[in-house]
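In: here is my input, please return the structure:
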Amino acid sequence: MRFVKSLFILHGMNWKNIIAELQALGATQAEIAERIGKTQAWVSSIAKDKIGDLRYSDGNELLKLLEELRVKKAA
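Out: Residues are numbered from 1 along each chain as shown. Predicted structure coming up:
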């Protein structure tokens, strides 16, 4: 059976903390949203813990952005 990665939901990650870390690294909710192709309201919902489980593709984009900002800060 073939599956589509973007339909899988990422469970167990604390996305609220990921958004908080992105913001601590200097990204605004609007910037996060723009970078991953979502709305600021969507990012705000995660920051308020109203959305706990994300699609694989959305979570992956957040994690890629987090890694990018961590590397930038360390440089």
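
In: contacts only, for Lys72.
Out: By Cβ atoms under 8 Å, 6 or more residues apart in numbering, Lys72 lies in contact with Leu25. C-beta coordinates here come from the backbone N, C-alpha and C atoms, glycine included.

In: report the rounded mean pLDDT for the host helix or strand of it.
Out: Element membership of Lys72, judged by DSSP states H and E, is helix 56-74. For helix 56-74, mean pLDDT rounds to 94.

In: ok, and for it, which residues are buried?
Out: Within helix 56-74, the residues that count as buried by 16 or more other Cβ atoms under 10 Å are Ser57, Asp58, Gly59, Glu61, Leu62, Leu65, Leu66, Leu69.

In: any idea which helix or strand comes after the helix or strand of the chain with the lowest mean pLDDT?
Out: None of the helices or strands of the chain scores lower by mean pLDDT, DSSP states H and E than strand 9-10, at a mean of 58. Counting by DSSP H and E, the next helix or strand C-terminal to strand 9-10 is helix 15-24.

In: quick check: closest non-adjacent residue to the residue nearest in space to the middle of the chain.
Out: The residue lying closest to the centre of the chain (Cα atoms, centre = their mean) is Leu62, at 2.9 Å. In this structure, Leu62 finds its nearest non-sequential neighbour in Ile18, 5.6 Å apart by Cβ to Cβ, 6 or more residues apart in numbering.
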